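Engineer: the following block contains a protein sequence and its predicted model.
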Amino acid sequence: MTSQPTDSPAAPSLTEVEPYGVERIPDAERTATPFDLFRVAFGGANTFSTCVLGAFPILFGLSFWQGLAATVLGVLAGALILCPMAMFGPANGTNNAVSSSAHLGVHGRVVGSFLSLLTAVAFFSISVWSSGDALVGGAHRLFGLGRGTLSYVVAYALFAGLVLAVCVYGFRFMLFVNKIAVTSATVLFLLGAVAFGGDFDPSYAGSFTASADPATQAMFWPSFIGAALIVLSNPVSFGAFLGDWSRYIPADAPRRRVVGAAFLSQLATLLPFVFGLATASIIATKAPKYVDPAAPDFVGGLLAISPSWFFLPVCLLALIGGMSTGTTALYGTGLDFSSVFPRLSRVRATLLVGVVSIAFIFIGRFALDLVQSISTFATMIITCTTPWMVVMILGFFTRRGWYDPDALQVFNRRQRGGRYWFTHGWNWRGMTAWWVSALLGVLFTNIPGQFVGPLGDLANGVDISLPLSLAVAAVLYLTLLWLFPEPRAAYGPEGARWVPTRELPVPPITEAPTLTTV
């Protein structure tokens with residue numbers, strides 16, 4: 001029997017530049033699976049920069065077991081907050097910032113774009129700095145390479161250039177990189193367990209011992225919560241980007257599998273987090289100068305306690321991890337800004353954001369010495385991003401997961417009107433819930449030794465910024481939906497869930513008066 005010809009298009013080459021921006025991905029091109037989402041999300045966090053975040057409980061003075069409890073708490077809470085954000089991509093075939101048009105308005109969706117830019121810059125910087133430092137340090141121990149400014153410049157430029165190249169090629173190339181990163185980085189972390197197993201002592205006591213003075217004891221809960229929030233910032237940082245990857249999953253994929261993939265990808269990050277926690281406790285015992293809270297140097301400390309045969313794995317882990325974290329952080333922001341600035345294609349927007357981020361990396365490292373304060377910056381971004389995620393998730397459930405794909409693209413096409421036009425392109429209900437709760441979160445932030453907001457000491461030094469902003473965003477958003485119902489047309493054929501609606505005409509989608517073609 002002869003085989004019949006098929007009309008199915010051949011799979012695009014890895015080196016074929018991705019043609020799509022934030023427009024809805026055609027159904028024929030949506031061939032990714034929930035497992036692909038798991039690999040990208042886990043690969044982006046199964047890296048050296050996550051180890052650096054994992055060291056913070058020790059830097060805050062916690063014992064190993066206290067630090068482990070804070071780490072597990074942060075990862076679990078962050079994964080639970082994050083995983084519903086995976087539903088928007090398959091439902092709408094576009095990224096999460098575009099999907100937010102349904103809840104913040106056609107113009108209000110720029111909030112998500114702005115938050116994703118700040119998040120990308122912060123975590124791209126953490127990735128390049130930590131991986132570059134590890135590569136230079138490992139090469140110094142292996143080959144005697146000098147640790148001068150030129151070595152760091154070359155290492156940072158190497159990482160940043162490779163990451164930018166992968167992001168320009170697009171999703172399929174990024175997925176390929178993360179397939180390799182998930183396996184290889186996991187093997188290297190497990191190899192690290194062999195390298196440091198003999199030195200590890202789970203009874204490391206930290207600063208909050210029974211003999212500690214009352215002033216030190218009083219800092220336990222602020223330090224514990226602060227450490228948990230820094231760990232939590234890692235999974236939550238993916239909230240603005242999750243739709244960038246899940247948009248290639250078919251719309252009919254079971255939601256529980258998509259959400260489950262996002263949740264499990266963050267649980268799996270306990271591997272690099274615990275590696276960072278355990279090695280930091282060894283550093284605190286054998287080379288305590290590297291965990292001085294005033295000038296911590298986890299990478300230097302790790303190299304100081306490493307056996308000589310582990311220097312090469314450290315270099316490999318830095319290279320692989322830097323590529324993986326950097327691409328997941330930078331890809332989505334370049335993608336989204338191609339819609340914010342219509343003159344820019346996805347490739348040009350990616351190059352622009354990449355160049356700006358690289359400039360920040362070099363200025364922050366060599367001119368302003370921002371390396372130690374970037375964790376504070378990242379935590380503050382998450383404080384503002386989490387209420388935005390709450391509005392999105394509650395909006396998804398009140399809409400029963402129904403969206404109008406054409407109306408979501410109004411902003412990107414520089415048009416006006418549609419189901420999500422609301423008040424001159426702004427949905428003040430979602431916008432108000434977001435900015436009020438984000439502002440309260442910043443005011444109540446209390447990161448020991450780094451940043452204390454004007455109201456940060458009202459809870460006896462405990463950082464309640466995140467639970468407060470979460471609760472305020474949820475209560476305020478649902479209250480506003482009840483008191484000021486949205487148009488019935490913004491909901492699907494089954495109507496709203498939990499909230500009332502009102503009958504209002506839908507403004508027709510029209511071309512914006514100032515629209516120009518290039």
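Structural biologist: Looks like it arrived, so ask away.
Engineer: could you give the mean pLDDT of the longest helix seen in the chain?
Structural biologist: Counting by DSSP state H, the longest helix found in the chain is helix 110-143. For helix 110-143, mean pLDDT rounds to 81.
Engineer: next secondary structure element downstream of it?
Structural biologist: Moving toward the C-terminus from helix 110-143, the next helix or strand (DSSP states H and E) is helix 149-169.
Engineer: neighbouring contacts of that following helix?
Structural biologist: Contacts with helix 149-169, where a contact means Cβ atoms under 8 Å, 6 or more residues apart in numbering, come from 14-18, 124, 127-129, 131-133, 135-136, 139-140, 145, 173-174, 177, 319, 322-323, 326-327, 330-331, 334, 347, 350-351, 354, 357-358, 361-362, 365-366. (Each C-beta comes from the backbone N, C-alpha and C, glycine too.)
Engineer: just stretch 186-198 next, same as before
Structural biologist: Applying Cβ under 8 Å, 6+ apart, the external contacts of stretch 186-198 come out as 46, 271-272, 275, 278-279, 282, 305-307, 309-310, 313, 316-317, 320.
Engineer: if we go to 7 Å?
Structural biologist: 46, 271-272, 275, 278-279, 282, 306-307, 310, 313, 316-317 (Cβ atoms under 7 Å, 6 or more residues apart in numbering).
Engineer: among these, which one has the most neighbours?
Structural biologist: Asn46 (31 neighbours; other Cβ atoms under 10 Å).
Engineer: for the stretch 1-150 of the chain, which segments count as strands?
Structural biologist: Using DSSP state E, counting those that start in this stretch, the stretch 1-150 of the chain contains no strands.
Engineer: same question, the stretch 351-500 of the chain
Structural biologist: Using DSSP E, counting those that start in this stretch, strands in the stretch 351-500 of the chain cover 415-416, 446-447, 451-452, 486-487.
Engineer: show me what the lowest-mean-pLDDT helix or strand in the chain is packed against.
Structural biologist: When the helices and strands of the chain are scored by mean pLDDT, DSSP states H and E, helix 311-340 comes last with a mean of 75. Applying 3 or more Cβ pairs under 7 Å, 6 or more residues apart in numbering; DSSP states H and E, one finds that helix 311-340 contacts helix 48-54, helix 110-143, helix 149-169, helix 171-196, helix 242-246, helix 346-362.
Engineer: and the angle from that helix to helix 110-143?
Structural biologist: Put simply, helix 311-340 runs at 160 degrees to helix 110-143, going by axes from the mean of the first three to the mean of the last three Cα atoms, to 10 degrees.
Engineer: pull out the buried positions in helix 311-340.
Structural biologist: For helix 311-340, the neighbour count (16 or more other Cβ atoms under 10 Å) marks 311, 313-340 as buried.
Engineer: and the residue lying closest to Ala77 once chain neighbours are set aside, what element?
Structural biologist: Closest residue in space to Ala77, ignoring its immediate chain neighbours: Leu232 at 5.5 Å, by Cβ to Cβ, 6 or more residues apart in numbering. Under the criterion of DSSP H and E, Leu232 resides in helix 220-236.
Engineer: now what about that helix, what contacts it?
Structural biologist: So helix 220-236 is contacted by 45, 50, 53, 56-57, 60-62, 66-67, 70-71, 73-75, 77-79, 81-82, 208, 266, 269, 273, 375, 378-379, 382, 385-386, 446-448, 461-463, 466 (Cβ under 7 Å, 6+ apart).
Engineer: one more time with 6 Å
Structural biologist: 53, 56-57, 60-61, 70-71, 73-74, 77-79, 81-82, 208, 266, 378-379, 382, 386, 447-448, 461-463, 466 (Cβ atoms under 6 Å, 6 or more residues apart in numbering).
Engineer: repeat that for stretch 113-130.
Structural biologist: Contacts of stretch 113-130 (Cβ under 6 Å, 6+ apart): 48-49, 52, 97, 156, 159-160, 237, 240, 322, 325-326, 329-330, 332-333, 336, 340, 357, 360-361, 371, 374, 377-378, 381, 385.
Engineer: as JSON lines, the helices and strands packed on helix 311-340 with mean neighbour count would be great.
Structural biologist: Below are those laid out as JSON lines (neighbours: other Cβ atoms under 10 Å):
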{"stretch": "helix 48-54", "mean neighbour count": "29"}
{"stretch": "helix 110-143", "mean neighbour count": "24"}
{"stretch": "helix 149-169", "mean neighbour count": "19"}
{"stretch": "helix 171-196", "mean neighbour count": "19"}
{"stretch": "helix 242-246", "mean neighbour count": "29"}
{"stretch": "helix 346-362", "mean neighbour count": "19"}
